[in-house]
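Colleague: Task: produce atomic coordinates for the following.
(one chain, ligands or ions: 1)
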Amino acid sequence: MLAMLAILAMPGVPVVLLLHSPSMPPADRPLRLMAILAHPDDESLGVGGTLAKYASEGVEVSLVTATRGQSGKYYGQREPGKHPGPEQLGRIRELELRAAAGVLGVRQLTLLDYHDQALDRADPGEAVRRLVDELRRVRPDVVLTFGPDGVYGHPDHIAICQYTTAAVMAAASSTGDGGAHLTKKLYYIAWPPSTLAAYEAAFGRVVSTVDGDVRQAVPWPEWAITTVIDTRRFWPEVWKAISCHDSQVAAYEGLKNLSPQHHEALWGPQSFYRVMSTVNGGRTRETDLFEGIPA
Ligand SMILES: [Zn+2]
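Modeller: Numbers count the residues shown, from 1 in each chain. This next block holds a predicted model:
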């Protein structure tokens, strides 16, 4: 939360810009959901059930992925142990991402092609401008991204949270090209204790090591979860999308022998923190990201 508050207080991005009413979209068009994430596989492992559910309901789902994941390890099943080099790995992961996005029903995929594992060292002004361009082009009603914890402290996840939060605010400003766009609701991925427990049962400890320090995932308190989407019946689609990521899938070895019940627990309830909404509020937990927005 500290990161978000710091951005809200950022000079030159007055919060009041969110409160006026730039170019509202026509009421009769389909609802639009945009996920802005860091790596190929984030869309499937992080929010796959949510994307699949809303796509199946006719929501226009778009995905912005910041990197091609070229700096990761290679776990390909087709040629095990044979790392193809970062450039080729980036190409492979882009294809895997496109396949997974297709399985989940994503209509538009934008790859920003920032360098994997270095997103937090990108030029923040440039990154925010590029996201503003995407927001103004696609004009989503709802945006979701990582939380300030990056789930397990991953610097790329934390960076995309900060860029996205700043971009949602800046896109609502009347300055710049493309026409101001007011995103009605912004969400962060927020794992409660039950979700972290399900992931740790499948993957082992969820940690990252950054500058020599081990960052252990810490769950969000139940009371801070504003929104839980029931996506249990979409777990087969999510598992199929995850399986598209062949170059990473062996790292998820523990997933292959899971029972359907464990798959449901992993990909079923997807939890979020509502960062801001111009259409609803209060303490009642939401069951729909579009609550308060006329269909
Ligand atoms: Zn990631």
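Colleague: quick one, what contacts the closest residue to Arg215 other than its chain neighbours?
Modeller: The shortest distance from Arg215 to any non-neighbouring residue, by Cβ to Cβ, 6 or more residues apart in numbering, is to Gly153 (2.9 Å). C-beta here means a position set from N, CA and C on the backbone, and glycine is covered the same way. Gly153 makes contacts with Val207, Ser208, Val210, Arg215, Gln216, Ala217, as judged by Cβ atoms under 8 Å, 6 or more residues apart in numbering.
Colleague: so what's the fourth one bridging to?
Modeller: With DSSP bridges as the criterion, Arg215 is bridged to Ser208.
Colleague: In this protein, which residue sits closest to the ion?
Modeller: Residue nearest to the ion within the chain: His39 (3.6 Å; Cβ to the ion).
Colleague: from the contacts of Gly153, which would you call buried?
Modeller: Ser208, Arg215, Ala217 (16 or more other Cβ atoms under 10 Å).
Colleague: I'd like the residues you listed laid out as a markdown table, including pLDDT.
Modeller: Listed next are these as a markdown table, based on pLDDT from 0 to 100:
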| residue | pLDDT |
| --- | --- |
| Ser208 | 93 |
| Arg215 | 96 |
| Ala217 | 95 |
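Colleague: Specify which member of those is nearest to Ala251.
Modeller: Closest approach between those and Ala251, by Cβ to Cβ: Ser208, at 13.4 Å.
Colleague: wait, that closest one sits on His154?
Modeller: Yes - here Ser208 reaches His154: they are 5.1 Å apart, a contact under Cβ atoms under 8 Å.
Colleague: any common contacting residues for these two?
Modeller: Arg215.
Colleague: Can you name the next helix or strand after the longest helix seen in the chain?
Modeller: Of all segments of type helix in the chain, defined using DSSP state H, the longest is helix 86-104. Downstream of helix 86-104, the first helix or strand assigned by DSSP states H and E is strand 108-114.
Colleague: tell me what that following strand is packed against?
Modeller: strand 60-67, helix 86-104, helix 124-138 (3 or more Cβ pairs under 8 Å, 6 or more residues apart in numbering; DSSP states H and E).
Colleague: ranking those by mean pLDDT, which is last?
Modeller: Across the helices and strands packed on strand 108-114, the stretch with the lowest average pLDDT is helix 86-104; it has a mean of 92.
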